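> Have a look; sequence and predicted model below, questions after that.
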Amino acid sequence: MSVRKGAAVWRGGLQDGGGTVALGSGAYEGPYSFRSRFGDGAGGTNPEELIGAAHAACYSMALSNMLATDGHPPTAVETTAEVTIEPVDGQQTISKIVLHTVGNVPGIDAETFRGYAEKAKAGCPVSRALAATPIELDAQFSA
């Protein structure tokens, strides 16, 4: 069993405060703020961006593993996750995630790739953790 850590500190009020977020591995530490979350994006990262990066990384690994396990090792799998946050019933809510992935996989066709892409969407650990949120997939095949 693996346990991974992330940490955050927030000081001040919501709109005038600020914080730092850090990965337990030490690979990233940086600021986050109200502006970086709900404004123009300046002032650091935000939780939704971090969720998107985690989801894109997990999904790419899961898809690559499924393909390689079945004898189709990919040349590359590139994924971007768009995480939408908006008011729902008066509460800020992550209302949807769209995974945009491009796979370069020798020896298979686009339809086969799409099947693997759908399986990976359902099976990657981050997708499973976020199962309460609608997750859409835009899978593109590059031969």
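Done, it's in.
> now the strands for this protein?
Listed in chain order, the strands of the chain (DSSP state E) span 6-11, 18-23, 29-33, 76-88, 91-104, 135-142.
> how far out from the middle of the chain is the third one?
Remark: strand 29-33 is offset 18 Å from the chain centroid, using CA atoms, centre = their mean, to the nearest Å.
> Run the angle between that strand and strand 18-23 for me.
Orientation check (axes from the mean of the first three to the mean of the last three CA atoms, to 10 degrees): strand 29-33 against strand 18-23 gives 140 degrees.
> Same check on the longest one?
In terms of direction (the same axes, to 10 degrees), strand 91-104 departs from strand 18-23 by 40 degrees.
> Run the angle between strand 91-104 and strand 76-88 for me.
Using the same axes, to 10 degrees: strand 91-104 against strand 76-88 is 160 degrees.
> what's next to strand 91-104, contact-wise?
Identification of contacts with strand 91-104 by CB atoms under 8 Å, 6 or more residues apart in numbering yields 48, 51-52, 55-56, 59-60, 63, 67, 74-88, 113, 116-117, 121, 130, 133-143. Where C-beta positions appear, they are placed from N, C-alpha and C, glycine not excepted.
> rerun that using 6 Å as the cut-off
Under the contact criterion CB atoms under 6 Å, 6 or more residues apart in numbering, strand 91-104 has outside partners 59, 74-86, 88, 113, 133-142.
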